[in-house]
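Peer 1: Sequence plus predicted model, see below.
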Amino acid sequence: MPVRRVLADPLMWVGLLFAGLLLGMNEFRPVLRWAFPQTVPVIYDRASFPMLFLAHLALVATASAAAATVGVALAVFVTRPAGAPFRVTVGTLVAIGQTFPPVAVLAIAVPLIGFGARPTIIALFLYGLLPIVENGIAGLEGVPADVREAADGMGLSAVQRLFAVELPLAASVILAGIRISVTIAIGTAAIGSTVGALSLGTPIFDGLVADNLPFVIEGAVLVALFAIVTDMGFARLDRRLRRHAVAG
Amino acid sequence: MIELDHITKRYDGRAVVDDLSLSVAEGEFCILLGPSGCGKSTMLRIINRLVVADAGTVRIAGEETTALRPEILRRRIGYAIQSTGLFPHWTVADNVATVPRLLKWPPKRVAARVDELLELLRLEPRLYRNKYQHQLSGGEKQRVGVARALAADPELLLMDEPFGAVDPVTRDALQAELLRIHRATRKTIIFVTHDVDEALRLASSIAIMDKGRVVQHAAPLELLQRPATGFVADFVGRQGLGLKLLAVRRVAERARDDETAPGQPVPLEASLRDALSAMTERGTDRLPVADAAGRRVGVIALADLVR
Ligand SMILES: Nc1ncnc2c1ncn2[C@@H]1O[C@H](COP(=O)(O)OP(=O)(O)O)[C@@H](O)[C@H]1O
Ligand SMILES: [Mg+2]
């Protein structure tokens, strides 16, 4: 990429800001000291920010990868002739998963499987499924009927039609579902710190408990930047996918 | 040779194709002609098994279509539809290459075949190869659709109102193209339309369908002169019958080979209707006639049209 294009790339600047804050939050110590003279310490010190980020990333990546795999598989299944009878049931079940507040899922999961990352991942997974299944079905059903007919008429097998025609044409709608799901998961993963999962939400909750506003701000800013950077990354991926898949 | 043997297809208890039998000779350009909803598309799709018949058999060159897996059968049958169904995420070349690639042709042979077909359909390969369907006009899409159907040199070509959605001028050009391709390749074509003039222009035989049955299967001329039923007579139209008769007869049938005339010649393959049109346009009652190589071989006169 030419230097001019790199410099004009907002994703790079926001990404740099995020990385800079993760690695160099200490540089803000004088500013925070001046702003919050009553509070000690002003920089969260029970775990390093890069560590918290990696833990947060692991929660989101695990839950979202599982939600994307299961969600797309479910959408594929209910849009095949064999799965059509399950379409309504799957839609209802997934919608129910979405109506539970994530806190409630955590409250139910903890007594069953204990504290830590696992109940958080389960809550994120259930919570992230709906947009992926919904968009998956919409994307697959949005493939024009004549394109499907042509694919069959040319002699593509059902599997070839799915992978060569339907999924590529549905890709940008499916990706939009994954994007919503991941963005929600990044915000929701912060709540996992209430049940002992380490994440960028941990400083927020520790700060609330200890009445330490700088901790809360540090955690909140990092969670927000993480979500923004990820969303911008998805936007870029989406532009790539759309370049030629102009249907109709 | 394609044999449709007592085919029936019911939807919700109603027979959409009703005990239909039809046999199409090899190299024939057979048109399924009938009003909307009479079961033409359903019949066509039973041939390549996109629709499964409730009763009856389809044989291609003596072999029942059910002897093969549907995908394997379909790779041997070209299929073109009105809305084209081009794959929007693939280039023109990739679309045309669909079936050859399914048949695992080596890439070089695929590329050469794609260019050959684009040229056959008069789409300059250099300009069109890498385009996507959203960059094409309706007529160009249809040309790509036909090229894709022809790609693996199928023994049989099924076409469902392929020119139904393009403007009259483009349709005219595409019909001429298809006639040329049929004459050059001698492929068996089964072509669905509800447009009588299109049928008369293209067909070597026309099967008139009504309510899921074939009511008459005959050459265009016979259909016009001896309609089997009132429905056939009404459908091909009593109005303008004379002009329709001129449309299905060739100049070759009436030309005199021992005379000459000045001016731009009409081809032997042209219809008498085209000859009449040219005479009217030029204000003359005699036109020179040329063969496919462009040699002047005789004359057609106004009196020859009505004799
Ligand atoms: N999949 C289907 N389910 C129910 N009815 C159908 C289906 N396909 C076609 N039909 C009905 O069958 C009749 C014939 O349809 P079709 O073969 O498309 O007619 P044509 O091509 O001659 O216009 C129509 O009345 C149509 O509504
Ligand atoms: Mg039809």
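Peer 2: Yes, it's here. Since we're looking at a predicted model, the values are computed, not measured. Numbers count the residues shown, from 1 in each chain, chains lettered A, B, ... in the order given. Ligands and ions are numbered 1, 2, ... in the order given.
Peer 1: Next, the residue in the stretch 51-200 of chain B that ligand 1 sits nearest to: secondary structure please.
Peer 2: Going by C-beta to the nearest ligand atom, ligand 1 is nearest to B:V192 of the stretch 51-200 of chain B, at 6.3 Å. From N, CA and C alone the C-beta is placed, and that goes for glycine too. Under DSSP: H, G, I helix; E, B strand; the rest coil, B:V192 falls in the strand class.
Peer 1: so where is chain A shaky, pLDDT-wise?
Peer 2: A:1, A:243-248 (pLDDT under 70).
Peer 1: OK, contacts around residue 231?
Peer 2: Reading this off chain A. The neighbourhood of A:D231, defined by C-beta atoms under 8 Å, 6 or more residues apart in numbering or on different chains, consists of A:R179, A:T183.
Peer 1: oops, I was thinking of chain B
Peer 2: Shown in contact with B:F231 (C-beta under 8 Å, 6+ apart): B:I208, B:D210, B:V215.
Peer 1: From those residues, which land in helices?
Peer 2: The members of the contacts of B:F231 all map outside helices under DSSP state H.
Peer 1: Let me have those residues in CSV, extended by pLDDT and neighbour count.
Peer 2: Converted to CSV, the contacts of B:F231 look like this (pLDDT from 0 to 100; neighbours: other C-beta atoms under 10 Å in any protein chain shown):
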residue, pLDDT, neighbour count
B:I208, 96, 26
B:D210, 95, 17
B:V215, 96, 17
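Peer 1: I'd like to know how far the residue of the stretch 51-200 of chain B closest to ligand 1 sits from B:M209.
Peer 2: Applying C-beta to C-beta, to the nearest Å, the value for B:V192 to B:M209 is 9 Å.
Peer 1: Give me the residue at the spatial middle of the chain.
Peer 2: With no chain named, the answer covers chain A. For chain A, the residue nearest the mean C-alpha position is A:V182 (1.1 Å; C-alpha atoms, centre = their mean).
Peer 1: Not quite, go with chain B.
Peer 2: B:F191 (4.9 Å).
Peer 1: how about stretch A:124-141 as CSV, C-alpha atoms only?
Peer 2: Written as CSV, here are the backbone C-alpha positions of stretch A:124-141 (Å, rounded to 0.1, in the frame of the first residue of the first chain):
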residue,chain,number,x,y,z
LEU,A,124,-21.7,-14.9,25.2
PHE,A,125,-22.3,-17.8,22.9
LEU,A,126,-26.0,-18.0,23.5
TYR,A,127,-26.3,-14.3,23.3
GLY,A,128,-24.4,-14.1,20.0
LEU,A,129,-26.3,-16.9,18.2
LEU,A,130,-29.4,-15.0,17.3
PRO,A,131,-28.0,-12.3,14.9
ILE,A,132,-25.9,-15.0,13.2
VAL,A,133,-28.7,-17.4,12.7
GLU,A,134,-31.1,-14.7,11.6
ASN,A,135,-28.7,-13.1,9.1
GLY,A,136,-27.6,-16.6,8.0
ILE,A,137,-31.2,-17.5,7.1
ALA,A,138,-31.9,-14.1,5.5
GLY,A,139,-28.7,-14.3,3.5
LEU,A,140,-29.2,-17.8,2.2
GLU,A,141,-32.9,-17.2,1.4
